[in-house]
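A.B. asks: sequence and computational prediction follow.
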Amino acid sequence: MTTRLYCRECGWHPEFRRKRAALRAAARHQCTGTPVAEIRPPLRSRLWTNLWTTRSGASVVDTEDGAVDQTGDDVLVDAHGNRIQWAALAAHHAETTRRARAAMVELVRAGYQIGPPPYGYRALRIRVTDPSGHSKLRAVLVPDWQTAAVVKQIFIWRADHGLTFAVIAARLNSDPRQYPAPAPNGRWTPKAVRRIVTNVKYTGRQVWARTVAGRPAPVDQWVTSAPKVHEPLVDERTFHRAQPGAAEGPPDAEVSADTRPSAA
């Protein structure tokens, strides 16, 4: 990895092996112009980007013939005014994205948790050894004794009693100590109840890629694991009965008169 300085005023263009040495040389440079820098990876790497790049909304002057080159607003140029080769950068980005997705898919199908655990579970970190012999920490889901009971009660109210999300939220809010909300010092909302009811992880499966760009993705595009990679809180039959449209209960006005939890 080398760092090259370039001064547009005097043409000074030294090259340094250390970035700190390049910064000290730029500070000692006596010229009216300010040197710009670029970093070059080793020769074995054909992909390179610049530390300082400018949008070519401004004019780029060709020092040989004095012509002014007006490029488009979406063109990116380096410190020398040369256009960055987007084909190489796009290929590098596509390859890194493909590798990252493949790694995520492998973790999910192996049953490991990615990100914060859902309500009702806690993440237990374990050390595993991959086929190459490297030891890594992975997270698996284990039930949390207090919040797991709340999740089971929500599915009972939804699947067996046919209550709507708003009524379930009201019942949960009636006893915050027994039914703690997902957010600290928060309250249950119908949206939070719906998020729990529609989460496939409560059946013992890991799932990923349920949304694409913030929008729900088709079920056939989800990445799921084998069944019971962690302890399920509800069975498959109860889960499907609790889904929106599968077990619609009476309207809120008819059941809101008694929002106290029933003995389950």
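C.D. replies: Perfect, I can see it now. Note that the coordinates shown come from a computational prediction; the quantities given were computed from them, not determined experimentally.
A.B. asks: could you use CA atoms for every contact and neighbour count after this?
C.D. replies: Will do.
A.B. asks: could you pick out the longest helix of this protein?
C.D. replies: With DSSP state H applied, the helix covering the greatest number of residues in the chain is identified as helix 86-109.
A.B. asks: go through that helix and flag the buried ones.
C.D. replies: Applying a neighbour-count criterion of 16 or more other CA atoms under 10 Å, the buried positions in helix 86-109 are 104-105, 107-109.
A.B. asks: repeat that for stretch 189-209.
C.D. replies: Using 16+ other CA under 10 Å as the burial criterion, the residues of stretch 189-209 that qualify are 189, 192-194, 196-197, 199-209.
A.B. asks: tell me which of the residues you listed fall in strands.
C.D. replies: Mapping the buried residues of stretch 189-209 onto strands (DSSP state E) picks out 207-208.
A.B. asks: okay, and which of the buried residues of stretch 189-209 map to helices?
C.D. replies: Taking DSSP H as the definition of helices, the buried residues of stretch 189-209 contribute 192-194, 196-197.
A.B. asks: which SS class is R125?
C.D. replies: Of the three states, R125 takes strand according to DSSP: H, G, I helix; E, B strand; the rest coil.
A.B. asks: who does it bridge with?
C.D. replies: Following DSSP bridges, R125 is listed with bridge partners A139.
A.B. asks: which among the ones in helices among the buried residues of stretch 189-209 gets closest to H161?
C.D. replies: Compare each of those with H161 using CA to CA and the shortest gap goes to V197, at 14.0 Å.
A.B. asks: the ones in helices among the buried residues of stretch 189-209: which two are farthest apart?
C.D. replies: With distances taken as CA to CA, the most widely separated pair in those is A192 and V197, at 8.8 Å.
A.B. asks: now, which of the ones in helices among the buried residues of stretch 189-209 sits nearest H134?
C.D. replies: The nearest one, if we look at these relative to H134 and count by CA to CA, is I196, at 35.6 Å.
A.B. asks: what's the distance between that closest one and A27?
C.D. replies: As for I196, its distance to A27 is 58 Å (criterion: CA to CA, to the nearest Å).
A.B. asks: ok so, going back, okay, the ones in helices among the buried residues of stretch 189-209 in CSV with pLDDT and distance to N173 next?
C.D. replies: Formatted as CSV, the entries for those read as follows, by pLDDT from 0 to 100; distance: CA to CA, whole Å:
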residue, pLDDT, distance to N173
A192, 94, 12
V193, 95, 11
R194, 95, 15
I196, 95, 16
V197, 95, 17
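A.B. asks: could I get those residues as CSV with distance to T96?
C.D. replies: Below are those laid out as CSV (distance: CA to CA, whole Å):
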residue, distance to T96
A192, 35
V193, 37
R194, 35
I196, 33
V197, 35
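A.B. asks: ok so, going back, what helices or strands is the longest helix of the chain leaning on?
C.D. replies: For helix 86-109, the elements it packs on are strand 207-208, strand 223-224, judged by 3 or more CA pairs under 8 Å, 6 or more residues apart in numbering; DSSP states H and E.
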